[in-house]
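Asker: structure, please.
(chains A and B)
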Number of protein chains: 2
Amino acid sequence: MRFLHTADWHIGKKLHGYSLLDEQRDAYEQIKKIAEKEQVDAVVIAGDLYDRALPSEAAVGTLNAMLVDLNRQQHFPVLAISGNHDSATRLGYGQEWFASTNFFMRTRLAAALKPVTLADTQFFLLPYFEPIQARQLFEDDQIRTVNQAMERLVKAMQANFAPDKKHVLVAHFFAAGGRHSDSETLVQVGGLNAVPTELLAPFDYVALGHLHRKEALQQVPTMKYSGSPLKFSTSEAEDTKGVWLIDTDTTPVTVTFKPLKPLHDLIVLTDSFAHLMDPERHYSVTRDDFIAIALTDTTPITNVMQRLKTRFPKIIELNRTKQLTVTPVDLNIQQVQRDPLALMTTFFEQMTQHPLTIAQEKWARETLQAAQKEDAQ
Amino acid sequence: MRFLHTADWHIGKKLHGYSLLDEQRDAYEQIKKIAEKEQVDAVVIAGDLYDRALPSEAAVGTLNAMLVDLNRQQHFPVLAISGNHDSATRLGYGQEWFASTNFFMRTRLAAALKPVTLADTQFFLLPYFEPIQARQLFEDDQIRTVNQAMERLVKAMQANFAPDKKHVLVAHFFAAGGRHSDSETLVQVGGLNAVPTELLAPFDYVALGHLHRKEALQQVPTMKYSGSPLKFSTSEAEDTKGVWLIDTDTTPVTVTFKPLKPLHDLIVLTDSFAHLMDPERHYSVTRDDFIAIALTDTTPITNVMQRLKTRFPKIIELNRTKQLTVTPVDLNIQQVQRDPLALMTTFFEQMTQHPLTIAQEKWARETLQAAQKEDAQ
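Answerer: Residues are numbered from 1 along each chain as shown, chains lettered A, B, ... in the order given. I've put the predicted structure just below:
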């Protein structure tokens, strides 16, 4: 069979306050088109369907519309699990009915042990879980870590392996390098301990969610993070987002990448303020792209965000690549107490390269007097 | 056919901070047992399944378990609508799949026009709606009130009446008396204008939700509020809660009441403090009942709530039936400013019938001094 592997949709996520629902709907449409064109037999979504345990009504409505379309209108079997961003209870609501149209939503740990079989493949759907849930499931107080839990879980899954089928694990956790070789196994990502890839070796394919870059795990060609369909941070600005197609009729399975094209991109612009504001200069961005700006200037610029937004309306980050050469005023407390007005005047001049106007000085004086008066009360 | 009519479950509701989930689960079990014993062909839930648009995880889990049990385990067809307390989007999530096992959840106005037919009966499932939704549905800006909307909706439903079937409306609004006869039609309940019962005459039965007393509508024996399965306020303390059974094979339909027994009752105790605290006196309440106390005393009683709770742990209201005969101190501002310590001493004596001890007077003096000092800063 052929299935599509995606994850980390994070429906409802915002970037610096900007809704991504339009971009998420567009990414969904592209995923659907890939599924249609490639005639996949199932779509796997490996957790974090929502961005928050308590998604907004708009997010609930959007995800529901996608799932209804994908499964009920387009008739794709769908296999999904809850991630650490989802509330298992909320995302799991109604799951008992979903299987009527081959929509398998799994949010409980126990359900992971019983595979869903589609064509030649057994899918083990392992939602995000905490070690305590594995302790309870196996009634074993010795299970303290995700790794210990995974050893038990994989063993229990293997007991249910049908020998004539391929075996796919769908999971949402942090998997990393070899058990004995790699310092990565010691770190945590998103509060999750790394699960060593060795533990997952029994599976023909491991469809992972949690990390947002498809390059996050490269040691084993049949264990993949799909990554998120959209760029969610500047560290992902250079990424190519997409989904994996997995063909199970070869051994090992065949894994192919299919890219998604961002409706509105996330772009980092590194340049001087003068260049960025120069109407003669062209930047290959649209007004709807999400822009992170890295300013190369070394002098203070007044109202910098407001002015940049006239040209780049959706700025999601503003940083400087260099230290200011105009050093900030020495803000020692005694000086502030001695003459705040003089201090403010100097600061204003340094920042704007202009002296205070008469009106500005009057406002400053009045404001300071009012503040001092309040302070004394 | 025979169906059961219930409404206003308000899963997740609290009484004075006390969770009702245990009581709600018990009421559900009783409703299920009635459905089994009476061999009903369907269960109708006329809105307000949740208490809040944003129910807690525990509420979501509880309602999901009830619906899974009723529909998937016990195999009862279920017909439900959203009420004004529900979020149509949240409650509606997954509804596209529910019909696979004859669970019809309707949260959108347009869906009300197309009946669900079970055996000899057409059910029109009308969720709670605002007039603007009817304006949009009928593309008619003249629709301004719920009544105008209902006229249009009922007409549109009638156009879909199958003449050989019975016709049942399931709705969640405030219905009242005759159009021309009754001042009730002018009032609002829960922000809803009254819909006159005349408008609903085309239906063989109207299964209503919104009002919590089954006696709320008595003019027409085939238009009923089921009322809530639990008592939610002291005004309902004397009610008998329950569900209706409707047999559609007679004309008019036959309507029978089936009572529910509260797991923990809501009881109003009207008595003196001395009686209430007297261990020799028996009140037919349990420690888990929800108690509203109406004190008949005319004198002040210190720590009254704390002391009453030693005998009645779940007090949800505390009122007095009579005026105090000891008049409160005249709290005019000048007196307070002149000598707060004297005032406090007098007040304490009046309330407790005891003078301040030496230690108490010292604490009072120190506290007042500290307060005055803070005030002056």
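Asker: going forward, measure contacts between C-alpha atoms and count neighbours the same way
Answerer: Will do.
Asker: helix or strand for A:Ala359, just tell me which one.
Answerer: Taking DSSP states H and E as the definition, A:Ala359 sits inside helix A:358-376.
Asker: by contact count, what packs against that helix?
Answerer: Where contact means 3 or more C-alpha pairs under 8 Å, 6 or more residues apart in numbering or on different chains; DSSP states H and E, helix A:358-376 is packed against helix A:340-352.
Asker: and the pLDDT at A:Asn332?
Answerer: A:Asn332 is assigned 48 on the pLDDT scale.
Asker: quick one, helices of chain A?
Answerer: Along chain A, counting by DSSP state H, helices occupy A:21-37, A:57-67, A:88-92, A:95-98, A:131-138, A:146-158, A:273-277, A:304-311, A:333-338, A:340-352, A:358-376.
Asker: which helices and strands does the first one pack with?
Answerer: Packed against helix A:21-37, as judged by 3+ C-alpha pairs under 8 Å, 6+ apart, are the following elements: helix A:57-67.
Asker: if we go to 10 Å?
Answerer: Counting contacts by 3 or more C-alpha pairs under 10 Å, 6 or more residues apart in numbering or on different chains; DSSP states H and E, helix A:21-37 is packed against strand A:2-6, strand A:42-46, helix A:57-67, strand A:242-247, strand A:254-259.
Asker: among those, which is nearest chain B?
Answerer: helix A:57-67 (6.1 Å; C-alpha to the nearest C-alpha).
Asker: circling back: a markdown table for the helices of chain A, including mean neighbour count?
Answerer: Below are these laid out as a markdown table (neighbours: other C-alpha atoms under 10 Å in any protein chain shown):
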| stretch | mean neighbour count |
| --- | --- |
| helix A:21-37 | 17 |
| helix A:57-67 | 18 |
| helix A:88-92 | 22 |
| helix A:95-98 | 21 |
| helix A:131-138 | 16 |
| helix A:146-158 | 18 |
| helix A:273-277 | 15 |
| helix A:304-311 | 14 |
| helix A:333-338 | 10 |
| helix A:340-352 | 16 |
| helix A:358-376 | 12 |
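Asker: number of residues surrounding the residue in the stretch 151-300 of chain A positioned nearest to chain B?
Answerer: Distance from chain B to each residue of the stretch 151-300 of chain A (C-alpha to the nearest C-alpha) is smallest for A:His172, at 21.2 Å. Using other C-alpha atoms under 10 Å in any protein chain shown, A:His172 has 28 other residues around it.
Asker: low-confidence ranges in the stretch 151-300 of chain A?
Answerer: Counting by pLDDT under 70, the low-confidence segments of the stretch 151-300 of chain A come to A:177-193.
Asker: please enumerate the strands of it.
Answerer: Secondary structure of the stretch 151-300 of chain A (DSSP state E, counting those that start in this stretch): strands at A:166-172, A:175-176, A:188-189, A:192-193, A:195-196, A:205-209, A:223-225, A:242-247, A:254-259, A:266-271, A:290-295.
Asker: if we can go back for a sec, out of the helices of chain A, which gets the lowest mean score?
Answerer: Of all the helices of chain A, helix A:333-338 has the smallest average pLDDT, which comes to a mean of 52.
Asker: coming back round to it: which non-adjacent residue is nearest the residue of the stretch 151-300 of chain A closest to chain B?
Answerer: Among residues not flanking A:His172 along the chain, A:Gly209 sits closest, at 4.6 Å (C-alpha to C-alpha, 6 or more residues apart in numbering or on different chains).
Asker: pretty sure the residue of the stretch 151-300 of chain A closest to chain B sits against A:Val44.
Answerer: No - between A:His172 and A:Val44 there is no contact under C-alpha atoms under 10 Å: 12.0 Å.
Asker: give me the common contacts of those two.
Answerer: Common contact partners of A:His172 and A:Val44 (C-alpha atoms under 10 Å, 6 or more residues apart in numbering or on different chains): A:7, A:81, A:125, A:207-208.
Asker: out of those, give me the one that has the most neighbours.
Answerer: Most surrounded of these: other C-alpha under 10 Å gives A:Leu125, at 32 neighbours.
Asker: could you list the domains of chain A?
Answerer: When chain A is parsed with automatic domain parsing, its domains come out as A:2-259, A:266-320, A:333-376.
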